[in-house]
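Student: Provided below for reference: sequence and predicted model.
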Amino acid sequence: MSDQVRSRTWLWIVIGGGAFFLFVLAVFTLLYLTVRSGQESSGLSSFGDKIGVVDLEGVILTPKTVVGQLKKFADDDSIKAIVLHVNSPGGGVAASEEIYREVKRIRDGEKGEKKKLIVASIETVGASGAYYISSATNKIYADNGSIVGSIGVIAQWVNYGELLKWAKLKDMTMKAGEFKDTGNPARDLTPAEQAYLQGLIDNMHSQFIQAVADGRKAKVEDIRAIANGKVWTGEQALPLKLIDSLGDFETAVKETAKSVHIKGEPQIVRPEKDRKTFLDLMAGDLSEYLPTREKLLEHHIGFYYLWK
């Protein structure tokens, strides 16, 4: 065997061995991180009193995940208090209301259930539906520059009537009931429909105001006076009594730990996140990710507690 061939052989052995070593290292690293993540998220790997942290992030479209996480921590005796970590502009009316009710149930211990301290820590934004939910906690923290408030309701839909005219198409609708196709995207609202929708929006707004007043233990007229859809910084929100204290997430956790008599550095527990791999997606139902005839035909009006 020539020296050149021998050199090439050793080169490939070194490259192959190095690649195999990196592969094994990557596998063990992933296994370690998975186990560690599971331990941190479940809170079952160690003893002692813990603070449960539930993230309320992004636009709130469904209450299922957050409500499930709150229930789990509420039922866990090792979790002494819950911090709702808020960074959301709000979202759907019904979704916000459902999470609000669960937070209030934990705070007040309804139906003979044991109370548990639950506080909100508003990071960048806690507006509209997110503030609605936060108002049900025992205490609200926000940074000086956090966006807080937006107590109001918005309804939105698309009107493509002019586009249909341009394309020389007509929308054909038959109905029984004057208001059955209110919000039809192919035409403008009638004055009667505008009044009808405004009545719905005003009623939702009144519910929002009442919920914040109940959550904050404030007078309805005081909340109504600032329920104009405006947002404020955390610094501005404090004298308006929309929040209780200025401070970041770390401050909220430390002060909450003291309130429930946890000595030293509190152990933080977060719910285990549902991680979907590419194989999970391929093996599961892909319909929620693909356009369907039903989705394309959807044109209903959306009502939101949302800051935009």
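Tutor: Thanks, I have the structure now.

Student: Okay, now the unreliable bits of this structure?
Tutor: Within the chain, the stretches with pLDDT under 70 are 1-48, 274-300.

Student: Show me it divided up by domain.
Tutor: In terms of domains, the chain is parsed into 9-42, 48-306 (source: automatic domain parsing).

Student: so which of those is the most packed in?
Tutor: domain 48-306 (a mean of 17; mean count of other C-beta atoms under 10 Å). C-betas here are computed from N, CA, C, even on glycine.

Student: Distance of residue 61 relative to residue 179?
Tutor: 26 Å (C-beta to C-beta, to the nearest Å).

Student: Kindly apply the preceding question to residue 240 instead.
Tutor: For residue 240, the distance to residue 179 - C-beta to C-beta - is 38 Å.

Student: again with residue 249
Tutor: As judged by C-beta to C-beta, residue 249 and residue 179 stand 46 Å apart.

Student: Likewise for residue 200?
Tutor: 11 Å.

Student: likewise residue 147?
Tutor: 36 Å.

Student: What of residue 205?
Tutor: 20 Å.

Student: Equivalent analysis for residue 67, please.
Tutor: Applying C-beta to C-beta, the value for residue 67 to residue 179 is 32 Å.

Student: Checking residue 137 next. Helix, strand or coil?
Tutor: Following DSSP: H, G, I helix; E, B strand; the rest coil, we place residue 137 in the coil state.

Student: Please identify which helix or strand holds the spatially closest residue to it that is not a sequence neighbour.
Tutor: Excluding its sequence neighbours, the residue lying closest to residue 137 (C-beta to C-beta, 6 or more residues apart in numbering) is residue 120, at 4.4 Å. Using DSSP states H and E, residue 120 sits within strand 117-127.

Student: next SSE after that strand?
Tutor: Per DSSP H and E, strand 117-127 leads on to helix 129-134 as the next helix or strand towards the C-terminus.

Student: ok now that following helix, how far from the chain's centre?
Tutor: Distance, stretch centre to chain centre, for helix 129-134: 10 Å (C-alpha atoms, centre = their mean, to the nearest Å).

Student: mind exporting that helix as PDB, just the C-alpha atoms?
Tutor: C-alpha atoms of helix 129-134 as PDB (Å, rounded to 0.1, in the frame of the first residue of the first chain):
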ATOM      1  CA  GLY A 129     -58.200  40.400  27.300                       C
ATOM      2  CA  ALA A 130     -54.800  39.900  29.000                       C
ATOM      3  CA  TYR A 131     -55.600  42.700  31.500                       C
ATOM      4  CA  TYR A 132     -59.100  41.300  31.900                       C
ATOM      5  CA  ILE A 133     -57.500  38.000  33.100                       C
ATOM      6  CA  SER A 134     -54.900  39.700  35.200                       C
END
